[in-house]
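**Student:** What follows is a predicted protein model with its sequence.
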Amino acid sequence: MPKKTIIIIISIIVGLAIIFSIAALIQGRSQRQAQEIKMRDFLPFGSREEKEDFIDVTQPEEEIIDVTEIEIPTTAPIISKLTKISSFAVAGATTITKERVLEKEEEIEQPIDVSSFKTMRLGSTGEEIQSIQTILNRQDPSPNLELSGEYDESTRAAVIAFQKNNNLVADGIAGKNTFAALNAFQGINGPQIETVAAVRYVKKSSGHIYETFLDDISERKISNTTIPKIQEVVFGNNGDSIVLRYISSNRSTIESFSGILEEETQSDRVRELDGIFLPQNVSTISASPDSSSFFYMNTIGPNTIGLTSTFENKNKKQIFISEFSEWISQWANDRMITLTTKASGLVHGFAYRLDPDTESFDKLLGDIAGLTTLTSPNGKLILYSESLDNSIQTYLYNTDTRQSTRFSVATLPEKCTWSSSSITVFCSVPTSIGSAVYPDSWYQGAISFSDALWEINVLTDRATILATPLVDAGEDIDGTNLSLSHDNNYLTFINKNDSYLWSLTLN
């Protein structure tokens with residue numbers, strides 16, 4: 001075959017190969033573009049049809065926009081649920097309920113006293129009817145009644161609605177009770193009162209007592225009785241009874257002063273704290289569930305005795321005696337005081353149930369290193385921790401089945417509180433736990449934690465993070481002394497790092 005012919009054939013073959021390669025490349029590129037995952041597939045920006053101005057980042061010819069120059073609209077500022085309450089170190093705190101005057105959004109103009117009005121019903125007429133219609137129209141929303149002076153169907157309907165809103169018999173007849181409610185609505189019979197959550201707490205350095213409403217933080221001193229260097233506080237009777245504990249000046253004894261705040265007469269008046277001293281060296285003390293009395297222990301000779309008493313130092317009763325003296329008490333419910341041996345990760349601990357009525361004493365848990373406990377209000381569950389491999393392991397013990405299960409989070413029971421229903425536990429949980437002997441190192445201050453606040457449902461085992469103080473408030477918080485308000489809307493706690501009091505809004 002001539003050389004020229006061979007060159008022509010080779011050129012044709014090479015040309016066809018190039019054509020087929022280009023075609024295959026184009027087809028492959030199309031397939032890859034069809035399968036390519038775009039950013040909007042991951043983020044909720046909506047489809048291209050929904051947002052015509054969406055910039056497809058896969059289009060090379062489009063201009064790249066610097067997102068740092070885009071102004072992002074905001075709907076409302078983010079309000080932290082965490083609030084620092086105290087302006088000083090506190091020794092203890094408790095949530096209470098407190099009454100206050102219910103402030104109206106605006107005052108009622110020219111109130112009309114209807115207390116002397118005669119009973120009105122459908123068909124009644126007169127100027128007094130017109131006065132009732134005027135008052136009803138001042139509601140928000142207003143029924144917009146015509147001031148006709150006639151007790152017609154629309155007036156009767158407005159009266160029924162008012163009666164329902166004020167928990168009255170909704171019969172549409174305006175009589176004595178309805179008139180009293182109409183006067184109260186106008187503020188004639190004095191201010192309306194609401195009961196809300198508050199917190200009462202003690203200044204560590206002086207023993208002065210303070211309080212504030214939890215929905216409106218405004219620190220106010222309510223007692224200036226001075227007892228310096230308070231280390232522990234036990235509250236009772238909705239915060240009106242209090243035991244202040246401190247170490248004597250010569251550091252040889254533990255003193256416990258049981259006091260009663262005088263009755264509050266004016267909200268801005270400082271109240272006196274009167275009381276007595278308990279025996280020296282009371283080793284443990286805990287308030288009863290109804291907070292009317294307390295249980296405490298002190299040593300007499302070779303024995304340690306346990307007694308119950310009211311905060312007024314009445315109705316004293318010895319219910320326990322033991323040769324062992326190192327106890328921590330928790331009065332969980334009417335039939336159960338939990339007694340746990342003082343904890344150390346170097347020794348095994350035990351927990352017992354003491355019945356304050358029958359004085360029976362039964363073992364609950366034992367042979368657990370570093371044992372600390374927190375019993376539920378119904379006494380059915382005990383949250384406890386164990387010192388294991390220089391760390392903390394947390395469990396729930398069922399007193400009926402006598403079985404333990406692993407708790408959802410790892411923390412110390414001293415950093416938790418139960419809800420009154422015994423269904424929910426609120427805990428301050430370390431985000432990390434360093435290697436140490438627990439709880440000793442934590443008690444001694446050699447170890448501190450940076451916590452997150454958790455809510456754990458013990459029925460469903462669902463655990464929810466409520467707040468992370470370092471992120472939400474910019475502070476490392478090692479939470480302890482947790483307390484849940486009676487309306488379940490607030491959680492208060494003390495930061496062990498500096499003893500300042502905080503609150504977390506739950507609802």
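**Tutor:** Cool, the structure landed. Since this is a predicted model, take the numbers as computed values, not measurements.
**Student:** going forward, measure contacts between C-alpha atoms and count neighbours the same way
**Tutor:** Will do.
**Student:** can you pull out the strands in the stretch 351-500 of the chain?
**Tutor:** Listed from the start of the chain, the stretch 351-500 of the chain has strands (DSSP state E, counting those that start in this stretch) covering 361-369, 372-375, 381-388, 391-398, 403-406, 416-418, 424-430, 451-457, 462-467, 479-484, 490-495, 500-505.
**Student:** Among those, which comes closest to Thr95?
**Tutor:** strand 479-484 (6.4 Å; CA to CA).
**Student:** Mind giving me the packing neighbours of the one helix or strand Ser286 maps to?
**Tutor:** Per DSSP states H and E: Ser286 is located in strand 284-287. In terms of contact count using 3 or more CA pairs under 8 Å, 6 or more residues apart in numbering; DSSP states H and E, strand 284-287 is assigned the packing partners strand 230-236, strand 293-300, strand 327-333.
**Student:** isn't Trp418 right up against Ile456?
**Tutor:** No: using CA atoms under 8 Å, Trp418 is not in contact with Ile456, being 9.7 Å away.
**Student:** shared neighbours of those two, which are they?
**Tutor:** Taking CA atoms under 8 Å, 6 or more residues apart in numbering as the criterion, Trp418 and Ile456 both touch Thr424, Val425, Phe426.
**Student:** Pipe the strands of the stretch 351-500 of the chain into a markdown table and attach distance to Asn144 and mean pLDDT per row.
**Tutor:** As requested, those are exported to a markdown table (distance: least, CA to CA, whole Å; pLDDT from 0 to 100):
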| stretch | distance to Asn144 | mean pLDDT |
| --- | --- | --- |
| strand 361-369 | 66 | 97 |
| strand 372-375 | 56 | 99 |
| strand 381-388 | 56 | 98 |
| strand 391-398 | 59 | 98 |
| strand 403-406 | 61 | 97 |
| strand 416-418 | 49 | 99 |
| strand 424-430 | 47 | 98 |
| strand 451-457 | 47 | 98 |
| strand 462-467 | 45 | 97 |
| strand 479-484 | 44 | 98 |
| strand 490-495 | 39 | 98 |
| strand 500-505 | 38 | 98 |
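**Student:** Identify whichever of those lies nearest to Asn165.
**Tutor:** The closest approach between Asn165 and any of the strands of the stretch 351-500 of the chain, judged by CA to CA, belongs to strand 490-495 at 27.3 Å.
**Student:** Map the structural domains onto the sequence of this structure.
**Tutor:** Each domain of the chain is listed here as a residue range: 81-100+196-325, 103-190, 333-467, per automatic domain parsing.
**Student:** Look at Phe185 and give its secondary structure.
**Tutor:** The three-state label for Phe185, taken from DSSP: H, G, I helix; E, B strand; the rest coil, comes out as helix.
**Student:** so how far is Gln393 from it?
**Tutor:** Using CA to CA, to the nearest Å, one gets 56 Å for the distance from Phe185 to Gln393.
**Student:** Neighbour count for these two, which is higher?
**Tutor:** Set side by side, Phe185 and Gln393 give different neighbour counts by other CA atoms under 10 Å, the larger being at Phe185 (21 against 17).
**Student:** pLDDT score for that one?
**Tutor:** Each residue has a pLDDT score; the one for Phe185 is 88.
**Student:** filter the shared contacts of Trp418 and Ile456 to the buried ones?
**Tutor:** Among the shared contacts of Trp418 and Ile456, those classed as buried by neighbour count (16 or more other CA atoms under 10 Å) are Thr424, Val425, Phe426.
**Student:** got a list of what the first one touches?
**Tutor:** With contacts defined as CA under 8 Å, 6+ apart, the neighbours of Thr424 are Trp418, Glu455, Ile456, Asn457, Val458.
**Student:** Tell me how many other residues crowd the second one.
**Tutor:** What it means is Glu455. 21.
**Student:** same question, the third one
**Tutor:** Neighbourhood size, Ile456 [other CA under 10 Å]: 20.
**Student:** Now it. Nearest residue, chain neighbours left out?
**Tutor:** What sits nearest to Ile456 in space, not counting adjacent residues and going by CA to CA, 6 or more residues apart in numbering, is Ala463, at 4.3 Å.
**Student:** Pretty sure that neighbour sits against Trp454.
**Tutor:** Yes: taking CA under 8 Å as the definition, Ala463 is a contact partner of Trp454 at 6.7 Å.
**Student:** Could you pull out the helices in this protein for me?
**Tutor:** When assigned using DSSP state H, the helices of the chain occupy the ranges 3-35, 127-137, 153-165, 176-186, 440-443, 469-472.
**Student:** Lowest average pLDDT across those?
**Tutor:** Mean pLDDT across these is lowest at helix 3-35; the value there is a mean of 51.
**Student:** hang on, the earlier thing: looking at the buried ones among the shared contacts of Trp418 and Ile456, spot the one nearest Ala473.
**Tutor:** When these are compared for distance to Ala473 (CA to CA), Phe426 wins out at 18.8 Å.
**Student:** Next, count neighbours for the residue nearest to Ile456.
**Tutor:** Neighbour count for Ala463, taken as other CA under 10 Å: 17.
**Student:** any idea which of the buried ones among the shared contacts of Trp418 and Ile456 is closest to Ser205?
**Tutor:** Distances from Ser205 to these, taken as CA to CA, are shortest for Phe426 (28.7 Å).
**Student:** Would you mind measuring from the closest one to Ser419?
**Tutor:** The spacing between Phe426 and Ser419, counted by CA to CA, is 8 Å.
**Student:** what do you get for Thr372?
**Tutor:** In this structure, Thr372 and Ser419 are separated by 19 Å, where distance is defined by CA to CA.
**Student:** of the two, who's got more company?
**Tutor:** Regarding Thr372 and Ser419, a neighbour count based on other CA under 10 Å identifies Thr372 as having more, with 26 against 17.
**Student:** give me every residue that touches that one.
**Tutor:** If you count contacts by CA under 8 Å, 6+ apart, then Thr372 has Thr340, Lys342, Ala343, Gly349, Tyr384, Ser385, Glu386, Leu412, Pro413, Glu414 around it.
**Student:** right, and the pair among these with maximum separation?
**Tutor:** Taking CA to CA as the measure, the contacts of Thr372 span a maximum distance of 15.4 Å, between Gly349 and Glu414.
**Student:** Low-confidence ranges, the stretch 151-300 of the chain, go.
**Tutor:** In the prediction, the stretch 151-300 of the chain carries residues with pLDDT under 70 at positions 189-191, 266-267.
**Student:** Pretty sure Leu307 sits against Met297.
**Tutor:** Yes: applying CA under 8 Å as the test, Leu307 and Met297 come out as touching, 6.4 Å apart.
**Student:** ok, back up a step: for the buried ones among the shared contacts of Trp418 and Ile456, which one is nearest Leu470?
**Tutor:** Phe426 (18.0 Å).
**Student:** in the sheet, who's paired with the closest one?
**Tutor:** Here Phe426 sits in beta bridges with Thr417, Glu455, as judged by DSSP bridges.
**Student:** pretty sure it is in contact with Ala452, am I right?
**Tutor:** No: with contact defined as CA under 8 Å, Phe426 does not reach Ala452; the gap is 10.7 Å.
**Student:** contacting residues for Ser86?
**Tutor:** For Ser86, the contacting residues are Glu219, Tyr500, Leu501, Trp502, by CA under 8 Å, 6+ apart.
**Student:** pLDDT score assigned to it?
**Tutor:** Predicted confidence (pLDDT) for Ser86: 98.
**Student:** need the strands for the stretch 201-350 of the chain, in chain order.
**Tutor:** Taking DSSP E, counting those that start in this stretch, the strands of the stretch 201-350 of the chain run over residues 209-213, 220-223, 230-236, 241-247, 254-261, 273-277, 284-287, 293-300, 303-310, 317-322, 327-333, 336-341, 348-354.
**Student:** JSON lines please, covering the contacts of Thr424 and showing distance to Asn489.
**Tutor:** Listed next are the contacts of Thr424 as JSON lines, based on distance: CA to CA, whole Å:
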{"residue": "Trp418", "distance to Asn489": "14"}
{"residue": "Glu455", "distance to Asn489": "13"}
{"residue": "Ile456", "distance to Asn489": "16"}
{"residue": "Asn457", "distance to Asn489": "16"}
{"residue": "Val458", "distance to Asn489": "19"}
